[in-house]
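>>> Could you look at this predicted model? Sequence included:
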Amino acid sequence: MDKVNLADKLATFSNHWSPHIIGQYNDNDLMVVKVQGEFVWHSHPDTDDLFLCLSGSVDIELRDKTVTLNAGELCVVPAGVEHRPTARGEAHLLLIEPSGTPNTGDPDTAVHKPAI
């Protein structure tokens, strides 16, 4: 049982839209990710999607509205709701989702999530 320094973990990589696993919580992955630009429209049919903005600003675009998150704010996208995160400048997020959840909602297009 060790503490995790989020800034230290984020400093270990520079690529965008590539979540890195920093721990486990029950059957969930705790991840940090750097984002910039637009991600793909997607949904997760079996799980909610939690976004906690650590720094910067990110828009969680939904088909009927946009939720803007600034540092210290979070949003939970319900299971099955199509969404697209977008960041004008670099932003850092903490994500929590069931282990093995594909980040694009599709295992064929999902990125590998390394543990750091």
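Noted; the coordinates are in hand.

>>> which residues sit against the longest strand that the chain contains?
Using DSSP state E to define each element, the chain has its longest strand at strand 83-98. If you take CB atoms under 8 Å, 6 or more residues apart in numbering as the criterion, strand 83-98 is touched by 6, 10, 16, 19, 25, 27-44, 46-47, 49-62, 77. Quick note: C-beta positions are derived from backbone N, CA and C, even for glycine.

>>> how about a cut-off of 6 Å?
Residues from elsewhere that reach strand 83-98, judged by CB atoms under 6 Å, 6 or more residues apart in numbering: 10, 19, 27-28, 30-36, 38-39, 41, 47, 50-62, 77.

>>> What of stretch 10-25?
Contacts of stretch 10-25 (CB under 6 Å, 6+ apart): 4, 9, 29-36, 39, 92, 95, 103, 111, 113-116.

>>> Now, those residues that are in strands?
Short answer: these in strands (DSSP E) are D29, L30, M31, V32, V33, K34, V35, Q36, H92, L95.

>>> Enumerate every residue touching the fourth one.
In other words, V32. Counted by CB under 6 Å, 6+ apart, V32 has contacts L6, K9, L10, H20, I22, L94.

>>> Quick check: beta-bridge partners of the spatially most central residue of the chain?
The centroid of the chain falls nearest to L95 when counting by CA atoms, centre = their mean (4.2 Å). Applying DSSP bridges to L95 gives these bridge partners: M31, F51.
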